[in-house]
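Trainee: Based on what follows, work out the 3D shape:
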Amino acid sequence: MRTSKPIAGRHLGWSEGDVRTRPYARFWRPRMAPLAEHVRLALDEGPLAEPLLAPLSHASEMFAGDGVENGFALTADRGMRIAVSTEMPDVTPAMIDWWFGWHSDSPERYKMWHPNAHVHAMWRRPPPAGSRGRARYLGRTSIVDEFIGSGLLRLAISFIHPHELGLSDATLRDDMKATAICAHSTLAGLPIRAGYLVHLVQARPGGSLMRSRFWIGGANVAANNLLAAPIAAIARRELNATEADARALLVHCAQEMSHLASFLPELYDEFKDVN
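Mentor: Numbers count the residues shown, from 1 in each chain. Predicted coordinates:
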């Protein structure tokens, strides 16, 4: 996986000044819980057969929850598919919508999500003043610096409407029942899309279940414009996802979503009306 060069002044963790002055400082919790047992078992099992993890064109099958919940596969076209499920006690889908519109407003907010891997985040164009919920992130791009495993990546995460990936379940109309965070991503500065992600959050008694899926590399690489088509063709041919890449992304997602669930209900209650 290609890594990015660090930018001066960007760093892991909060400064002492951040801890003293940020109104949400009590939610900065650098100690993270161990990986859930079902995630460790998926890592122990190793790479799965490609057909066990559905391609992007079948993303809507996530609603049924009948496939592999946790695992990874390396695909014949040199890409990878990742599946991670996270139990989120006391979290509602509406809270997740709020979080995705809130966390890129400052690097410190983004670092709260994964204290051991998130370095920096900012919107390419800030959300409109007064916007709420899904309106704060849909159609927006967040530029993030984060470690996936030991590799530092600078990514552009562009949030898109679920229907662009074929997710049109009626429950998505009610943010207390479900939401689907959908995006395509690329290494910042390149005119190609490296892959796609979906975080499907469905309410259930006592909280929500998040099903996260990633489709990276291979046939998922696409040009952002006609001029970039040759670059995308080269990337599809030359980029090669490895087992280490897949394991690192699975672990990263499992850690950050579990950690988010540990403080989000309380954070939301206190700051839901504050951009």
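Trainee: the longest helix in this structure is where?
Mentor: Taking DSSP state H as the criterion, the chain has its longest helix at helix 243-271.
Trainee: buried residues in stretch 166-174?
Mentor: By neighbour count with 16 or more other C-beta atoms under 10 Å, stretch 166-174 contains the buried residues 167, 169, 171, 172. (Glycine included, C-beta is placed from N, CA and C.)
Trainee: In which helix or strand does the residue nearest to the first one when sequence neighbours are not counted reside?
Mentor: Excluding its sequence neighbours, the residue lying closest to residue 167 (C-beta to C-beta, 6 or more residues apart in numbering) is residue 180, at 4.9 Å. Following DSSP states H and E, the helix or strand that holds residue 180 is strand 178-187.
Trainee: what sits up against that strand?
Mentor: Outside strand 178-187, the residues within contact range by C-beta atoms under 8 Å, 6 or more residues apart in numbering are 2, 4, 93-94, 96-97, 100, 134, 137, 153-162, 164-165, 167, 169, 171-172, 192-203, 222, 224.
Trainee: Could you tell me which of the buried residues of stretch 166-174 belong to strands?
Mentor: Judged by DSSP state E, the subset of the buried residues of stretch 166-174 located in strands is empty.
Trainee: which two of those lie the greatest distance from each other?
Mentor: Among the buried residues of stretch 166-174, the pair separated by the greatest distance (C-beta to C-beta) is 167 and 171, at 10.3 Å.
Trainee: Let me know whether residue 73 touches residue 49 as I believe.
Mentor: Yes. Between residue 73 and residue 49 there is a contact at 6.7 Å, judged by C-beta atoms under 8 Å.
Trainee: Please identify which of the two sits among more neighbours.
Mentor: For residue 73 versus residue 49, neighbours defined as other C-beta atoms under 10 Å are more numerous around residue 73 (20 against 9).
Trainee: List the residues that contact that one.
Mentor: Residues counted as contacts of residue 73 (C-beta under 8 Å, 6+ apart) are 47, 48, 49, 50, 52, 53, 80, 81, 246.
Trainee: how much space is there between the third one and residue 168?
Mentor: Plainly put, residue 49 is 29 Å away from residue 168 if you go by C-beta to C-beta, to the nearest Å.
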